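The following comprises the amino acid sequence and a computationally predicted model.
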Amino acid sequence: LLRRGLQKNECEALMRVVRQFSLEAGNEAGFNPLAMYGIEVGTVLRDHEVHCQIENIEKLTDEMWTQQCEDLWREWIELYKIRIDSDKHNYTGDSESKREWRDEQQRWSNPRVIPRNHILQQAINTAELGDFSLVRRLLEVFENPFEAPEESWFCERDVADKAACTVT
């Protein structure tokens, strides 16, 4: 029952049980009347909320849905503008150097090197055979994931004919 989520009518019935127990005199805080059945109150509340949200969405017309989406995007854009404006206070200079400053902030927020499973597995396989050279090479690169590696050796296609990692 819990693995597939509670159905709407199940949630409603269980919510009535929870409400009844919470209204009874002497009910200690935190008592879960559903625990004996292996049901957590949080699960009931979460699934009930999901069903309520689905009901509200189903009541929306296409126009209302579109309007809500547009409003949410506008809200996000306004928040992002505020964020951009706050960045203005962190940097003073002309627009070109500001763009460079923002690019630098992005570079240090996102790794330049992303390990890929196939190359990590290849490093494990060769290390199990006693050759740790690829492990050392990868360790050297991953110690500084925000800096671009020397691509002359890093992006060699000598290991399973694939680049070691993605360089952004």
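That came through fine.

Residue 133: neighbouring residues, count only.
For residue 133, the neighbour count with other C-beta atoms under 10 Å is 10. C-beta: built from backbone N, CA, C; applies to glycine.

Check residue 98 too.
15.

Against which helices or strands is whichever strand or helix holds it packed?
Using DSSP states H and E, residue 98 falls within helix 95-107. Applying 3 or more C-beta pairs under 8 Å, 6 or more residues apart in numbering; DSSP states H and E, we find helix 95-107 packed against helix 62-90.

give the contact list for residue 60.
Residues near residue 60 by C-beta atoms under 8 Å, 6 or more residues apart in numbering: residue 68.

Give me the distance between it and residue 72.
The spacing between residue 60 and residue 72, counted by C-beta to C-beta, to the nearest Å, is 13 Å.

quick one on the thing from earlier: show me which positions of the helix holding residue 98 end up buried.
Buried positions in helix 95-107, judged by neighbour count with 16 or more other C-beta atoms under 10 Å: none.

Just give the strands next to the helix or strand following it in its sheet, each with its orientation.
Reading on from helix 95-107 to the C-terminus, the next helix or strand found by DSSP H and E is strand 113-115. Sheet pairing here is set by DSSP bridges, and for strand 113-115 it gives strand 165-167 (antiparallel).

pLDDT wise, what is the most centrally placed residue in the chain at?
By C-alpha atoms, centre = their mean, the chain has its centre lying nearest to residue 110, at 14.3 Å. At residue 110, the model reports a pLDDT of 81.

Next, it: phi, psi?
phi -130, psi 130 (degrees, to the nearest 10).

do you know how far it is from residue 85?
Separation of residue 110 from residue 85 (C-beta to C-beta): 22 Å.

just residue 38 next, same as before
51 Å.
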